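Visitor: Need coordinates for the following:
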Amino acid sequence: MHITLRQLAVFAEVLKKGSTTQASPVLALSQSAVSAALADLENQLGVQLFDRVGKRLVVNEHGRLLYPRAVALLEQAGEIEQLFCDNNGAVRVYASSTVGNYILPEVIAHYRRDFPALPLELSVGNSQEVINAVMDFRVDIGLIEGPCHNVAIITEPWLEDELVVFAAPGAALLNVPVTLETLAAAPWILRERGSGTREIVDYLLLARLPRLRLAMELGNSEAIKHAVRHGLGVSCLSRRVIAEQLQSGSLVEVPVPLARLTRTLYRIHHCQKHLSCALLRFLRYCEAQP
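Guide: I've put the predicted structure just below:
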């Protein structure tokens with residue numbers, strides 16, 4: 001058996017594009033050459049990698065099994081090529097919102113200072129979106145706010161983070177003793193389900209309240225801060241997210257009758273993902289975060 005990198009590159013591009021016709025310009029090959037390379041690969045493996053549905057090619061279980069291994073081999077081959085040139089491949093990072101908006105900007109600033117020309121792609125979403133992107137090999141690394149329970153993903157502790165209950169300076173909750181009962185009676189403004197922050201807040205705090213008065217669910221931390229500042233309720237977010245508002249006095253920390261609320265931020269990658277030199281270099285900058 002003599003599988004070539006070109007065959008694997010053809011297979012991977014056809015899988016992404018859904019047809020040999022759409023893959024051919026990306027590969028700089030004719031449509032017939034793409035079809036021939038794919039057919040040769042399937043003949044060598046003795047299996048079909050796609051189901052033929054009209055003019056479309058739909059990846060089947062054999063193709064899904066091959067894809068992560070093919071991508072890993074292609075990335076390693078690309079890394080060998082890059083050993084002898086100045087150009088390095090893009091590092092693709094997907095971070096959940098707290099990490100992407102409030103922690104990574106400083107990391108990227110330090111990275112850019114030392115490597116101003118190296119490409120870096122950052123996407124921001126909620127933790128479930130990050131996990132999905134890592135599972136689909138759309139990104140190299142994910143940084144999330146809660147644990148990942150997918151067995152195909154390697155999850156490593158990264159940073160410790162403190163969560164803070166907060167309210168507007170004139171909130172009624174601040175005029176009475178703060179107990180679990182008064183916390184439960186307050187209107188709560190929370191992140192949406194699927195958010196790592198929401199999962200941890202549910203586990204550390206809300207599960208200990210006798211009941212919950214959910215006033216609103218919002219999709220990002222900035223919206224929550226503004227809603228709380230205008231007196232619409234109380235919330236719980238990372239101290240990193242509300243540090244400036246606590247310092248200015250536009251938001252006030254609410255002392256809760258519980259132990260300090262802390263969580264672990266995690267670094268995740270697919271178990272079959274090849275960690276390139278460029279990616280490991282970026283992760284060293286992430287590890288330098290206090």
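
Visitor: Pull out the buried residues from stretch 120-137.
Guide: Using 16 or more other C-beta atoms under 10 Å as the test for burial, stretch 120-137 gives 122, 124-135, 137. Any C-beta I mention is one placed from the backbone N, CA and C, and that applies to glycine too.

Visitor: longest single strand anywhere in this protein?
Guide: Ranked by number of residues, the top strand in the chain under DSSP state E is strand 153-167.

Visitor: what distance separates that one from the centre of its chain?
Guide: In terms of C-alpha atoms, centre = their mean, to the nearest Å, the centre of strand 153-167 is found 14 Å from the chain centre.

Visitor: Give me the buried positions along that strand.
Guide: So for strand 153-167, counting by 16+ other C-beta under 10 Å, buried means 153-155, 158-159, 161, 163-167.

Visitor: And the residues you listed, which is closest to residue 208?
Guide: residue 165 (12.1 Å; C-beta to C-beta).

Visitor: same for the lengthiest helix in the chain, what does it pack against?
Guide: Longest helix in the chain by number of residues (criterion: DSSP state H): helix 61-82. Contact analysis of helix 61-82 by 3 or more C-beta pairs under 8 Å, 6 or more residues apart in numbering; DSSP states H and E lists helix 5-17, helix 277-287 as its packing neighbours.

Visitor: Quote the end-to-end distance of stretch 106-120.
Guide: 14 Å (C-alpha to C-alpha, to the nearest Å).

Visitor: Residues touching that stretch, excluding its own?
Guide: Identification of contacts with stretch 106-120 by C-beta atoms under 8 Å, 6 or more residues apart in numbering yields 88-91, 93, 122, 278, 281-282, 285-286, 288-289.

Visitor: Spatially, which two of the residues you listed are the most separated?
Guide: 89 and 289 (23.3 Å).

Visitor: Does the nearest residue to residue 31 once chain neighbours are set aside lie in a helix or a strand, and which?
Guide: Among residues not flanking residue 31 along the chain, residue 24 sits closest, at 4.6 Å (C-beta to C-beta, 6 or more residues apart in numbering). Take DSSP states H and E as the rule and residue 24 turns out to sit in helix 20-27.

Visitor: how about that helix: buried residues?
Guide: 20, 23-24, 27.

Visitor: What is the burial count for residue 218?
Guide: 17 (other C-beta atoms under 10 Å).

Visitor: what's the burial count for the nearest residue to it once chain neighbours are set aside?
Guide: Nearest non-adjacent residue to residue 218, counting by C-beta to C-beta, 6+ apart: residue 224, 5.1 Å away. If you count neighbours by other C-beta under 10 Å, residue 224 ends up with 25.
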